[in-house]
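Trainee: Show me the folded form of this:
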Amino acid sequence: MAADKDKDIIDGDFREVEDSAEQNQEESGSENVNQNPGDADHPDHEHYCMMCHRPESKTGKQIEIPGGMYICTDCMQKGFEAMQNTNMNEMISRLPPNIGMIDLSGLGFGMPAQDHKKKEKHEKQAKKLTLKDVPKPHVIKEKLDEYVIGQEHAKKVMSVAVYNHYKRILQTPEQMQDGTEIEKSNMLMIGPTGSGKTYLVQTLAKLLDVPLAITDATSLTEAGYIGDDIESVVSKLLAAADNDVERAQHGIIFIDEIDKIAKKKNTSQRDVSGEAVQQGLLKLLEGSEVEVPVGATSKNAMAPLETVDTRNILFICGGAFPDLENVIRERLNRTSSMGFQAELKDRYDEDPDILQKVTNEDLRAFGMIPEFIGRLPIVFSLESLTEDMLVKILKEPRNAILKQYQKLLALDEVKLVFDDGALHAIAKKALEKDTGARALRAIIEDFMLDIMYEIPRDDNIGEVIVTKEYVEHTGGPKIILRGQEVPGTEIQS
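Mentor: Numbers count the residues shown, from 1 in each chain. Got it, this is the predicted structure:
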């Protein structure tokens, strides 16, 4: 009886397999219902995917893998995507036991979609910079004039230095055979806060389409102490170049607040954020091969290292150098003496361009070591901003502050006008704050608050004129309603 029972169970299992095969053949539209599914040599035989169990009539041609089994292209693609986020050993353990290791390289598949994007990005970055791509000095200055007001000497110096730098690194092997080696043209910018040091470098890098890394020297410390290591400067440039080492080696590094690493005076402690940082920067400025982490967020992160050669990286250092004026005046007043033709002690006290007279001697007295200054051969100063320059900064550059507010109100179909008296009143207030062009935005935000709040509620307003009285808080702006030609009511601040 037991044997008969086992026979009935086996027969039932075979009937279930046959019913399943017939059902699959009906779904796939196969005409030969009595075909033996295991007959691989039959001309009308269809292969079934080992993963989704769909026939070739639905999936298209399938790929044969070791063990006499097949897999469709959809399941293979899903397998590729899963491998990116899954451990390989875990992936292999999910495969059927009768399937060995599969050589995926010979299956003829392309990379997943994400890999295609990476490849396209890499090919885009692989485009090498040539000397034809670098504009001439006069063209660089003309472009800088569109964004930066004044600072004619600084823009001319930067244009020539950058052009010579890229001529140096883009020489052909034939041009380098004469044995003459051109040195790097690293720069040191000295200028009061808000005079446009950072903005000049940002505009320059955008014009040349090269990677730019802006870092702050105040966060740098000697290796082994809390803070950023010297190599983090190059690491930021590598990140800005999307980890393309060759592109990063033709980039620009701007180290701001460089005056904060001057030697500390009258201190008996180790100067880990002053002279020690200057010593550490020497090898980078002159040119050396440094290993920097790729994609690391901290200096202790376990990240792969890339070797970057800094010989062709242009370094631009900038700082306000407070109290440097006193050092310059002290040097200039050494020649003073008694008599009718003697120079007065207070001759340079009111000189607005005293920084233009800076020398390497003054920088050493300020606290910069001679080795550091020697690796920055181009030293130039930016002018202090005057009232007329601030007025031009308000309205002339491409992205001037007034143009930004005019566009904001234009989206509400309202015209915004500033009269000349208002512009000069804004410039005078900015000079009083003594923070350069940075003060302009804060001043405008103060008196524009009521206008930006009240104008959108009234659709009849067509034009707003900002007056000197409104800027000085002694009156309101002039309002012109739609269809009127004379000023109407005023908004009281």
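
Trainee: ok, the most centrally placed residue in the chain - contacts?
Mentor: The residue lying closest to the centre of the chain (Cα atoms, centre = their mean) is residue 240, at 5.1 Å. Contacts for residue 240 were tallied using Cβ atoms under 8 Å, 6 or more residues apart in numbering; they are 211-213, 248, 251. For glycine as for every other residue, the C-beta is placed from the backbone atoms N, C-alpha and C.

Trainee: rerun at 7 Å
Mentor: 211-213, 251 (Cβ atoms under 7 Å, 6 or more residues apart in numbering).

Trainee: Also residue 228?
Mentor: Contacts of residue 228 (Cβ under 7 Å, 6+ apart): 219-221.

Trainee: Show me the shaky parts of the stretch 351-493 of the chain.
Mentor: Where the stretch 351-493 of the chain drops to pLDDT under 70, the residues are 352, 485-493.

Trainee: so where do the strands sit in the protein?
Mentor: With DSSP state E as the criterion, the chain has strands at 63-65, 69-71, 187-190, 212-216, 252-256, 289-293, 305-309, 314-319, 378-381, 415-418, 461-466, 478-481.

Trainee: and those as a markdown table, adding distance to residue 55 and mean neighbour count?
Mentor: Converted to a markdown table, the strands of the chain look like this (distance: least, Cβ to Cβ, whole Å; neighbours: other Cβ atoms under 10 Å):
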| stretch | distance to residue 55 | mean neighbour count |
| --- | --- | --- |
| strand 63-65 | 14 | 15 |
| strand 69-71 | 10 | 20 |
| strand 187-190 | 70 | 26 |
| strand 212-216 | 57 | 19 |
| strand 252-256 | 60 | 23 |
| strand 289-293 | 51 | 17 |
| strand 305-309 | 49 | 16 |
| strand 314-319 | 63 | 25 |
| strand 378-381 | 73 | 19 |
| strand 415-418 | 69 | 18 |
| strand 461-466 | 71 | 20 |
| strand 478-481 | 75 | 19 |
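
Trainee: With distance to residue 57 added, can I get those strands in JSON lines?
Mentor: Below are the strands of the chain laid out as JSON lines (distance: least, Cβ to Cβ, whole Å):
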{"stretch": "strand 63-65", "distance to residue 57": "16"}
{"stretch": "strand 69-71", "distance to residue 57": "13"}
{"stretch": "strand 187-190", "distance to residue 57": "70"}
{"stretch": "strand 212-216", "distance to residue 57": "57"}
{"stretch": "strand 252-256", "distance to residue 57": "60"}
{"stretch": "strand 289-293", "distance to residue 57": "53"}
{"stretch": "strand 305-309", "distance to residue 57": "51"}
{"stretch": "strand 314-319", "distance to residue 57": "63"}
{"stretch": "strand 378-381", "distance to residue 57": "73"}
{"stretch": "strand 415-418", "distance to residue 57": "68"}
{"stretch": "strand 461-466", "distance to residue 57": "69"}
{"stretch": "strand 478-481", "distance to residue 57": "74"}
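
Trainee: Of those strands, which is nearest residue 77?
Mentor: Residue 77 lies closest, by Cβ to Cβ, to one member of the strands of the chain: strand 69-71, at 10.3 Å.

Trainee: got a list of contacts for that closest one?
Mentor: Identification of contacts with strand 69-71 by Cβ under 7 Å, 6+ apart yields 47-51, 62-65, 99.

Trainee: tell me the mean pLDDT for that strand?
Mentor: Taken as a whole, strand 69-71 carries a mean pLDDT of 85.

Trainee: And stretch 294-304, by the same measure?
Mentor: 62.

Trainee: In stretch 233-244, which residues are buried?
Mentor: 233-241, 244 (16 or more other Cβ atoms under 10 Å).

Trainee: before we move on, what about stretch 435-451?
Mentor: 436-437, 439-440, 443-444, 447-448, 451.

Trainee: Touching that stretch from outside, list them.
Mentor: 192-196, 385, 390, 393-394, 401, 405, 426, 429-430, 433, 464, 470-471, 477, 491, 493.

Trainee: Show me which of these are buried.
Mentor: 192, 194-196, 385, 390, 393-394, 401, 405, 426, 429-430, 464, 470-471, 477, 491, 493.

Trainee: Can you give me the pLDDT of the nearest residue to residue 357 once chain neighbours are set aside?
Mentor: What sits nearest to residue 357 in space, not counting adjacent residues and going by Cβ to Cβ, 6 or more residues apart in numbering, is residue 328, at 5.6 Å. Residue 328 is assigned 89 on the pLDDT scale.

Trainee: Chain neighbours aside, what residue packs nearest to residue 160?
Mentor: Counting by Cβ to Cβ, 6+ apart, residue 160 lies nearest to residue 137, which is 5.0 Å off, once chain neighbours are set aside.

Trainee: ok, the closest residue in space to residue 238 that isn't next to it in sequence - contacts?
Mentor: Leaving out its chain neighbours, the residue that sits closest to residue 238 by Cβ to Cβ, 6+ apart is residue 248, at 4.8 Å. Contact analysis of residue 248 by Cβ under 7 Å, 6+ apart lists 211, 237-238, 241, 308.

Trainee: out of these, which are inside helices?
Mentor: 237-238 (DSSP state H).

Trainee: Domain map for the protein?
Mentor: Split into domains by automatic domain parsing, the chain comes to 1-36, 131-174+181-381, 387-481.

Trainee: what separates residue 425 from residue 393, distance-wise?
Mentor: 15 Å (Cβ to Cβ, to the nearest Å).

Trainee: again, but for residue 421
Mentor: Remark: distance between residue 421 and residue 393 (Cβ to Cβ) = 17 Å.

Trainee: just residue 448 next, same as before
Mentor: Going from residue 448 to residue 393 by Cβ to Cβ gives 17 Å.

Trainee: same question, residue 252
Mentor: 24 Å.

Trainee: likewise residue 262?
Mentor: According to Cβ to Cβ, residue 262 and residue 393 sit 30 Å apart.

Trainee: Please apply the same query to residue 477.
Mentor: Taken as Cβ to Cβ, the span from residue 477 to residue 393 is 22 Å.

Trainee: now residue 355
Mentor: Applying Cβ to Cβ, the value for residue 355 to residue 393 is 19 Å.

Trainee: cool, residue 130 as well?
Mentor: 35 Å.

Trainee: One more: residue 428?
Mentor: Following Cβ to Cβ, the distance that separates residue 428 from residue 393 is 14 Å.

Trainee: follow-up on the earlier one: do you know the pLDDT at the residue nearest to residue 238?
Mentor: 89.

Trainee: Can we start the residue count at 438 from this point?
Mentor: From this message on, residue numbering opens at 438, which makes the last subject residue 685.

Trainee: any idea how far it lies from residue 749?
Mentor: Using Cβ to Cβ, we find residue 685 at a distance of 10 Å from residue 749.
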